[in-house]
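> Predicted structure and sequence below. I'll ask about it afterward.
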Amino acid sequence: MNDGVPPQIPITYEPRLIQPPLALKQSSAFSHGDIYIFDIAANSSNLVVSASNHEIKLYNPATLAIKNILKFHTDTITQVKAYGENILMSSSKDGTVACWDLRTEGGPVQVFTTPQKHVLLSFDINSSEQVLAAGTELKDYDANIHFFDARSNTSAIIATYSESHSEDITNVKFHPTNPVRLMTGSVDGLICQFDLTDMDEEEGLMVVSNTGASINKVGYFGPNAEYIYCLSHMETLSLWNSDDADAIHHFGDIRGVSNPALGLTLDYGIDCHFETETGRLFLISGSNEGNINILHVQTDSLQLCQVLNGGHSEIVRSTYWDSKRGILFSGGEDAKLGLWTSASAIAMSSPLAASASSRHSSPLQLKTEGKSARSNPY
(Lines give C-alpha, C1' and ligand atoms only; values in the text may rest on other atoms or scores of the structure.)
Protein backbone atom coordinates (compact mmCIF):
# COMPACT_ATOMS: atom_id res chain seq x y z
CA MET A 1 0.00 0.00 0.00
CA ASN A 2 1.46 3.38 -1.01
CA ASP A 3 -1.13 5.74 0.56
CA GLY A 4 -1.80 7.33 -2.81
CA VAL A 5 1.84 8.25 -3.42
CA PRO A 6 2.84 7.31 -7.00
CA PRO A 7 5.73 4.86 -7.30
CA GLN A 8 9.09 6.45 -7.92
CA ILE A 9 10.29 6.39 -11.52
CA PRO A 10 13.74 4.79 -11.76
CA ILE A 11 16.32 7.32 -12.94
CA THR A 12 20.06 7.20 -13.54
CA TYR A 13 22.59 9.70 -14.85
CA GLU A 14 24.01 9.00 -18.31
CA PRO A 15 25.70 12.11 -19.80
CA ARG A 16 27.53 10.08 -22.45
CA LEU A 17 24.39 9.91 -24.60
CA ILE A 18 24.85 13.57 -25.52
CA GLN A 19 28.49 14.07 -26.38
CA PRO A 20 29.81 16.65 -26.62
CA PRO A 21 27.22 18.31 -24.37
CA LEU A 22 25.11 21.25 -25.45
CA ALA A 23 25.99 24.75 -24.24
CA LEU A 24 24.22 28.09 -24.58
CA LYS A 25 25.69 29.87 -27.59
CA GLN A 26 23.31 32.80 -27.75
CA SER A 27 20.16 34.15 -26.13
CA SER A 28 18.01 36.78 -27.80
CA ALA A 29 15.03 38.82 -26.61
CA PHE A 30 12.09 37.85 -28.79
CA SER A 31 10.07 40.82 -27.59
CA HIS A 32 9.49 43.15 -24.68
CA GLY A 33 6.40 43.20 -22.52
CA ASP A 34 3.84 40.39 -22.28
CA ILE A 35 4.44 38.81 -25.71
CA TYR A 36 5.95 35.34 -25.49
CA ILE A 37 6.79 32.34 -27.65
CA PHE A 38 4.35 29.54 -28.50
CA ASP A 39 5.92 27.25 -31.09
CA ILE A 40 9.22 26.76 -32.96
CA ALA A 41 10.07 25.19 -36.31
CA ALA A 42 13.23 25.40 -38.43
CA ASN A 43 14.93 24.67 -41.73
CA SER A 44 18.47 25.52 -42.82
CA SER A 45 17.55 29.11 -43.70
CA ASN A 46 15.02 30.11 -41.08
CA LEU A 47 14.15 29.72 -37.45
CA VAL A 48 10.37 30.07 -37.34
CA VAL A 49 8.74 31.29 -34.14
CA SER A 50 5.07 31.95 -33.39
CA ALA A 51 4.16 34.60 -30.84
CA SER A 52 1.30 35.23 -28.45
CA ASN A 53 0.44 38.39 -30.44
CA HIS A 54 -0.56 36.19 -33.44
CA GLU A 55 2.60 36.97 -35.43
CA ILE A 56 5.21 34.62 -36.92
CA LYS A 57 8.81 35.79 -36.83
CA LEU A 58 11.61 34.45 -39.03
CA TYR A 59 15.17 34.49 -37.68
CA ASN A 60 18.60 33.70 -39.02
CA PRO A 61 19.26 30.34 -37.29
CA ALA A 62 22.97 31.09 -36.88
CA THR A 63 22.75 34.57 -35.37
CA LEU A 64 19.13 34.87 -34.17
CA ALA A 65 18.89 38.11 -36.16
CA ILE A 66 15.32 38.78 -37.22
CA LYS A 67 14.63 38.46 -40.97
CA ASN A 68 10.90 38.91 -41.41
CA ILE A 69 7.53 39.09 -39.64
CA LEU A 70 4.49 37.29 -41.08
CA LYS A 71 1.06 38.68 -40.22
CA PHE A 72 -2.23 37.04 -41.10
CA HIS A 73 -3.81 35.22 -38.17
CA THR A 74 -6.27 37.04 -35.92
CA ASP A 75 -6.17 34.65 -32.96
CA THR A 76 -3.72 32.38 -31.15
CA ILE A 77 -1.36 30.46 -33.48
CA THR A 78 -1.52 26.85 -32.34
CA GLN A 79 1.14 25.22 -34.55
CA VAL A 80 3.84 26.07 -37.10
CA LYS A 81 5.64 23.60 -39.38
CA ALA A 82 8.36 24.05 -41.99
CA TYR A 83 8.34 21.97 -45.17
CA GLY A 84 11.71 22.15 -46.87
CA GLU A 85 13.31 25.55 -47.44
CA ASN A 86 10.39 27.46 -48.90
CA ILE A 87 7.07 26.37 -47.40
CA LEU A 88 5.73 27.19 -43.95
CA MET A 89 2.31 26.27 -42.59
CA SER A 90 0.52 27.58 -39.52
CA SER A 91 -2.77 26.83 -37.77
CA SER A 92 -4.73 29.18 -35.55
CA LYS A 93 -7.73 29.48 -33.31
CA ASP A 94 -9.11 31.80 -36.00
CA GLY A 95 -10.15 28.62 -37.85
CA THR A 96 -7.53 28.65 -40.59
CA VAL A 97 -4.42 26.82 -41.73
CA ALA A 98 -2.21 29.22 -43.70
CA CYS A 99 0.37 28.10 -46.26
CA TRP A 100 3.26 30.54 -46.79
CA ASP A 101 5.79 30.55 -49.62
CA LEU A 102 8.85 32.21 -48.08
CA ARG A 103 10.09 33.20 -51.54
CA THR A 104 7.18 35.60 -51.97
CA GLU A 105 6.21 38.81 -50.22
CA GLY A 106 2.88 39.47 -48.58
CA GLY A 107 0.42 37.07 -47.01
CA PRO A 108 -0.11 33.33 -47.32
CA VAL A 109 -0.39 31.78 -50.78
CA GLN A 110 -3.18 29.44 -49.67
CA VAL A 111 -5.61 29.40 -46.76
CA PHE A 112 -7.67 26.40 -45.61
CA THR A 113 -10.71 27.51 -43.60
CA THR A 114 -12.99 25.44 -41.36
CA PRO A 115 -16.79 25.82 -41.35
CA GLN A 116 -17.84 28.75 -39.16
CA LYS A 117 -14.11 29.24 -38.57
CA HIS A 118 -14.10 26.37 -36.09
CA VAL A 119 -11.13 26.78 -33.70
CA LEU A 120 -8.11 24.75 -34.87
CA LEU A 121 -5.61 23.26 -32.42
CA SER A 122 -3.48 20.96 -34.60
CA PHE A 123 -2.78 19.92 -38.18
CA ASP A 124 -0.53 17.75 -40.34
CA ILE A 125 0.06 16.77 -43.97
CA ASN A 126 0.51 13.12 -44.95
CA SER A 127 3.74 11.70 -46.39
CA SER A 128 2.42 11.82 -49.99
CA GLU A 129 1.61 15.51 -49.45
CA GLN A 130 -1.93 15.06 -50.74
CA VAL A 131 -4.07 15.32 -47.59
CA LEU A 132 -4.17 17.98 -44.90
CA ALA A 133 -5.88 17.00 -41.63
CA ALA A 134 -6.79 19.51 -38.92
CA GLY A 135 -8.20 18.96 -35.43
CA THR A 136 -10.62 21.31 -33.71
CA GLU A 137 -11.77 22.45 -30.31
CA LEU A 138 -15.01 21.02 -28.94
CA LYS A 139 -17.97 23.10 -30.06
CA ASP A 140 -21.67 22.25 -29.87
CA TYR A 141 -20.74 18.76 -28.64
CA ASP A 142 -18.53 18.08 -31.67
CA ALA A 143 -14.75 17.84 -31.91
CA ASN A 144 -13.92 17.45 -35.58
CA ILE A 145 -11.09 16.29 -37.79
CA HIS A 146 -11.40 18.16 -41.08
CA PHE A 147 -9.65 16.87 -44.21
CA PHE A 148 -8.58 19.05 -47.14
CA ASP A 149 -6.94 18.34 -50.50
CA ALA A 150 -3.48 19.82 -49.87
CA ARG A 151 -2.89 20.26 -53.62
CA SER A 152 -6.13 22.13 -54.30
CA ASN A 153 -6.39 25.85 -54.89
CA THR A 154 -9.61 25.84 -52.87
CA SER A 155 -10.20 25.16 -49.20
CA ALA A 156 -13.09 22.76 -49.79
CA ILE A 157 -13.34 20.06 -47.11
CA ILE A 158 -13.19 16.55 -48.54
CA ALA A 159 -14.27 14.77 -45.32
CA THR A 160 -15.02 15.43 -41.65
CA TYR A 161 -14.74 12.98 -38.73
CA SER A 162 -16.88 13.96 -35.74
CA GLU A 163 -17.61 10.75 -33.80
CA SER A 164 -14.23 9.54 -32.56
CA HIS A 165 -13.41 12.21 -29.97
CA SER A 166 -15.59 13.92 -27.38
CA GLU A 167 -13.18 16.72 -26.38
CA ASP A 168 -10.64 19.10 -27.96
CA ILE A 169 -8.36 17.40 -30.49
CA THR A 170 -4.90 18.52 -29.41
CA ASN A 171 -2.78 16.42 -31.78
CA VAL A 172 -3.05 15.31 -35.41
CA LYS A 173 -0.11 13.22 -36.67
CA PHE A 174 0.26 11.31 -39.91
CA HIS A 175 2.52 8.28 -39.95
CA PRO A 176 5.93 9.36 -41.29
CA THR A 177 5.87 6.91 -44.23
CA ASN A 178 2.33 5.50 -44.55
CA PRO A 179 0.16 8.22 -46.18
CA VAL A 180 -3.17 6.64 -45.13
CA ARG A 181 -2.29 6.15 -41.46
CA LEU A 182 -3.42 8.97 -39.13
CA MET A 183 -3.15 9.32 -35.35
CA THR A 184 -5.08 11.81 -33.23
CA GLY A 185 -4.93 12.67 -29.53
CA SER A 186 -7.52 14.50 -27.46
CA VAL A 187 -8.39 15.97 -24.10
CA ASP A 188 -10.75 12.98 -23.77
CA GLY A 189 -7.63 10.84 -23.19
CA LEU A 190 -8.00 8.78 -26.36
CA ILE A 191 -5.37 8.10 -29.02
CA CYS A 192 -7.23 7.13 -32.20
CA GLN A 193 -5.58 5.62 -35.26
CA PHE A 194 -7.27 5.63 -38.64
CA ASP A 195 -6.85 4.02 -42.04
CA LEU A 196 -7.87 6.71 -44.53
CA THR A 197 -8.06 4.44 -47.56
CA ASP A 198 -11.74 5.19 -48.20
CA MET A 199 -12.10 8.20 -45.85
CA ASP A 200 -14.95 6.59 -43.90
CA GLU A 201 -14.69 7.33 -40.17
CA GLU A 202 -16.42 4.24 -38.80
CA GLU A 203 -14.68 1.84 -41.14
CA GLY A 204 -11.36 3.63 -40.89
CA LEU A 205 -11.02 3.70 -37.10
CA MET A 206 -8.45 0.96 -36.51
CA VAL A 207 -7.46 1.04 -32.85
CA VAL A 208 -8.07 3.23 -29.80
CA SER A 209 -5.75 3.63 -26.81
CA ASN A 210 -7.31 5.03 -23.63
CA THR A 211 -4.53 6.85 -21.77
CA GLY A 212 -6.80 7.96 -18.93
CA ALA A 213 -5.49 11.54 -19.04
CA SER A 214 -5.94 14.66 -21.17
CA ILE A 215 -3.40 14.42 -23.99
CA ASN A 216 -0.85 17.17 -24.50
CA LYS A 217 1.60 15.60 -26.99
CA VAL A 218 1.70 12.35 -28.96
CA GLY A 219 4.11 11.13 -31.60
CA TYR A 220 5.39 8.09 -33.45
CA PHE A 221 8.79 6.58 -32.72
CA GLY A 222 10.69 3.36 -33.37
CA PRO A 223 12.53 1.98 -36.39
CA ASN A 224 9.28 1.64 -38.34
CA ALA A 225 7.26 4.18 -36.32
CA GLU A 226 5.58 1.23 -34.61
CA TYR A 227 5.46 2.84 -31.16
CA ILE A 228 3.72 5.90 -29.73
CA TYR A 229 4.72 8.22 -26.90
CA CYS A 230 2.12 10.24 -25.03
CA LEU A 231 2.58 13.22 -22.69
CA SER A 232 -0.52 14.35 -20.80
CA HIS A 233 -1.60 17.67 -19.35
CA MET A 234 -1.28 15.94 -15.97
CA GLU A 235 2.47 15.55 -16.71
CA THR A 236 2.31 11.79 -17.18
CA LEU A 237 4.29 9.83 -19.77
CA SER A 238 3.22 6.57 -21.39
CA LEU A 239 4.46 4.39 -24.25
CA TRP A 240 2.20 2.35 -26.54
CA ASN A 241 2.32 -0.15 -29.38
CA SER A 242 0.84 1.46 -32.46
CA ASP A 243 -0.73 -1.55 -34.16
CA ASP A 244 -2.61 -3.16 -31.25
CA ALA A 245 -3.02 -0.11 -28.94
CA ASP A 246 -1.46 -2.02 -26.03
CA ALA A 247 0.47 -0.09 -23.42
CA ILE A 248 4.21 -0.74 -23.20
CA HIS A 249 4.70 1.20 -19.98
CA HIS A 250 2.98 3.86 -17.87
CA PHE A 251 5.58 6.05 -16.18
CA GLY A 252 2.99 8.03 -14.27
CA ASP A 253 3.75 11.57 -13.10
CA ILE A 254 7.16 12.48 -14.54
CA ARG A 255 7.56 15.16 -11.90
CA GLY A 256 8.40 12.27 -9.63
CA VAL A 257 11.87 11.99 -11.22
CA SER A 258 13.07 15.36 -9.89
CA ASN A 259 16.48 14.78 -8.31
CA PRO A 260 18.34 17.79 -6.88
CA ALA A 261 21.47 15.67 -6.41
CA LEU A 262 21.65 15.33 -10.19
CA GLY A 263 20.72 18.97 -10.73
CA LEU A 264 17.30 17.89 -12.03
CA THR A 265 14.10 19.77 -11.28
CA LEU A 266 11.26 18.55 -13.48
CA ASP A 267 8.01 20.52 -13.36
CA TYR A 268 6.48 19.78 -16.78
CA GLY A 269 7.01 17.97 -20.06
CA ILE A 270 7.69 19.91 -23.26
CA ASP A 271 7.75 17.11 -25.85
CA CYS A 272 9.66 13.99 -26.89
CA HIS A 273 12.34 13.70 -29.57
CA PHE A 274 13.07 10.55 -31.56
CA GLU A 275 16.67 10.28 -32.74
CA THR A 276 16.50 8.26 -35.95
CA GLU A 277 20.26 7.72 -36.14
CA THR A 278 20.42 5.85 -32.82
CA GLY A 279 16.82 4.74 -32.31
CA ARG A 280 16.68 6.58 -28.98
CA LEU A 281 13.67 8.42 -27.61
CA PHE A 282 14.32 11.47 -25.45
CA LEU A 283 11.98 13.29 -23.11
CA ILE A 284 12.48 17.07 -23.13
CA SER A 285 11.15 18.63 -19.97
CA GLY A 286 11.48 21.87 -18.05
CA SER A 287 11.50 23.55 -14.67
CA ASN A 288 9.54 26.61 -13.60
CA GLU A 289 12.88 28.44 -13.34
CA GLY A 290 13.57 27.95 -17.05
CA ASN A 291 15.93 24.96 -17.07
CA ILE A 292 15.60 22.39 -19.89
CA ASN A 293 16.12 18.71 -19.04
CA ILE A 294 16.97 16.04 -21.63
CA LEU A 295 16.25 12.48 -20.51
CA HIS A 296 16.67 9.21 -22.40
CA VAL A 297 13.45 7.15 -22.26
CA GLN A 298 13.99 3.43 -21.68
CA THR A 299 11.30 0.77 -21.48
CA ASP A 300 10.55 1.40 -17.79
CA SER A 301 13.11 3.93 -16.60
CA LEU A 302 14.69 7.29 -17.46
CA GLN A 303 18.29 8.41 -17.84
CA LEU A 304 19.19 12.05 -17.27
CA CYS A 305 21.56 13.14 -20.05
CA GLN A 306 21.89 16.88 -19.51
CA VAL A 307 20.32 19.91 -17.84
CA LEU A 308 20.47 23.12 -19.89
CA ASN A 309 20.44 26.18 -17.66
CA GLY A 310 21.06 29.89 -18.02
CA GLY A 311 19.04 30.44 -21.18
CA HIS A 312 15.61 31.11 -19.69
CA SER A 313 14.10 32.41 -16.49
CA GLU A 314 10.52 31.20 -16.96
CA ILE A 315 8.61 28.25 -18.44
CA VAL A 316 9.96 26.98 -21.76
CA ARG A 317 7.11 26.54 -24.22
CA SER A 318 8.83 24.90 -27.17
CA THR A 319 12.09 23.42 -28.39
CA TYR A 320 13.48 22.32 -31.76
CA TRP A 321 16.36 19.85 -31.49
CA ASP A 322 18.56 18.72 -34.37
CA SER A 323 20.47 16.13 -32.37
CA LYS A 324 22.45 14.95 -35.40
CA ARG A 325 24.10 18.34 -35.71
CA GLY A 326 24.16 19.20 -32.01
CA ILE A 327 21.85 22.23 -32.24
CA LEU A 328 18.81 23.05 -30.10
CA PHE A 329 16.54 26.10 -30.18
CA SER A 330 14.28 27.01 -27.26
CA GLY A 331 11.59 29.61 -26.60
CA GLY A 332 9.72 30.50 -23.46
CA GLU A 333 7.37 32.71 -21.53
CA ASP A 334 10.29 35.02 -20.73
CA ALA A 335 10.13 36.08 -24.41
CA LYS A 336 13.65 34.78 -25.00
CA LEU A 337 15.04 32.61 -27.78
CA GLY A 338 17.91 30.29 -26.91
CA LEU A 339 20.47 28.76 -29.28
CA TRP A 340 22.32 25.78 -27.81
CA THR A 341 25.15 24.02 -29.64
CA SER A 342 27.71 21.32 -28.99
CA ALA A 343 31.42 21.94 -29.30
CA SER A 344 31.50 19.96 -32.54
CA ALA A 345 28.32 21.41 -34.06
CA ILE A 346 28.48 21.53 -37.86
CA ALA A 347 28.78 25.04 -39.29
CA MET A 348 25.42 26.76 -39.17
CA SER A 349 25.65 27.61 -42.86
CA SER A 350 25.11 23.97 -43.79
CA PRO A 351 21.55 22.62 -44.01
CA LEU A 352 19.76 21.37 -40.94
CA ALA A 353 19.09 17.67 -40.94
CA ALA A 354 15.74 16.87 -42.56
CA SER A 355 12.94 16.10 -40.15
CA ALA A 356 9.45 14.71 -40.54
CA SER A 357 8.11 18.25 -40.63
CA SER A 358 10.67 19.68 -43.07
CA ARG A 359 11.65 16.94 -45.44
CA HIS A 360 10.25 18.28 -48.73
CA SER A 361 10.66 21.46 -50.73
CA SER A 362 6.91 21.93 -51.05
CA PRO A 363 3.80 20.28 -49.60
CA LEU A 364 2.43 20.29 -53.14
CA GLN A 365 5.29 18.23 -54.58
CA LEU A 366 5.47 14.50 -54.06
CA LYS A 367 8.94 13.27 -53.14
CA THR A 368 8.62 9.92 -51.45
CA GLU A 369 11.60 9.05 -49.32
CA GLY A 370 13.00 5.64 -48.63
CA LYS A 371 13.03 4.20 -45.13
CA SER A 372 16.07 2.53 -43.66
CA ALA A 373 15.69 -0.34 -41.23
CA ARG A 374 16.94 0.23 -37.69
CA SER A 375 17.20 -1.84 -34.58
CA ASN A 376 14.37 -2.06 -32.06
CA PRO A 377 14.88 0.64 -29.40
CA TYR A 378 13.87 -1.87 -26.76
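Received, thanks.

> dump the residue contacts of the residue nearest to Met199 when sequence neighbours are not counted.
Distance criterion Cβ to Cβ, 6 or more residues apart in numbering; nearest residue to Met199, sequence neighbours excluded, is Ala159 at 4.5 Å. C-beta: built from backbone N, CA, C; applies to glycine. Contacts for Ala159 (Cβ atoms under 8 Å, 6 or more residues apart in numbering) come out as 146-147, 199, 201.

> top of those residues by neighbour count?
Compared across the contacts of Ala159, His146 has the highest neighbour count, 27 neighbours, by other Cβ atoms under 10 Å.

> what about Asn241, how many residues close to it?
By other Cβ under 10 Å, neighbour count at Asn241 equals 15.

> try the one 3 residues further on
Residues near Asp244, counting by other Cβ under 10 Å, number 9.

> swap in Thr197?
Neighbours of Thr197 under the rule other Cβ under 10 Å: 11.

> same question, Ile77
By other Cβ under 10 Å, the residues close to Ile77 number 25.

> same deal with Pro21?
By other Cβ under 10 Å, the residues close to Pro21 number 16.

> so how far is His146 from the residue nearest to Met199?
Going from Ala159 to His146 by Cβ to Cβ, to the nearest Å gives 8 Å.

> For this protein, which segments are assigned as helices?
Ranges of helices within the chain are 201-204, based on DSSP state H.

> For it, which residues score under the pLDDT cut-off?
For the chain, the stretches flagged by pLDDT under 70 are 1-7, 31-33, 344-378.

> repeat that for 50
Scanning the chain for pLDDT under 50 picks out 1-2, 4, 347-378.

> contacting residues for Val172?
Per Cβ under 8 Å, 6+ apart, neighbours of Val172: 122-124, 133-135, 145, 182-184.

> can you do 10 Å?
Counting by Cβ atoms under 10 Å, 6 or more residues apart in numbering, Val172 touches 79, 91, 120-125, 132-136, 145-146, 182-185, 218.

> Kindly report the same for Phe282.
Residues near Phe282 by Cβ under 10 Å, 6+ apart: 17-18, 221, 271-275, 293-297, 302-303, 305, 321, 323.

> Could you do Asn46 as well?
Counting by Cβ under 10 Å, 6+ apart, Asn46 touches 57-61, 67-68, 82, 85-86, 88, 102, 352.

> next one: Ala150
Contacts for Ala150 (Cβ under 10 Å, 6+ apart) come out as 89, 97, 99, 110, 112, 125-126, 128-133, 363-364.

> quick one: which of those is nearest Phe30?
Distances from Phe30 to the contacts of Ala150, taken as Cβ to Cβ, are shortest for Met89 (20.8 Å).

> neighbours around that closest one, how many?
Met89: 24 neighbours (other Cβ under 10 Å).

> Please renumber the chain so that the first residue is 310 from this point on.
New numbering, starting at 310: the last item is Met398.

> Run through the bridge partners of it.
Using DSSP bridges, the beta-bridge partners of Met398 come out as Lys390, Cys408.

> Distance of it relative to Glu584?
For Met398 relative to Glu584 (Cβ to Cβ), the value is 24 Å.
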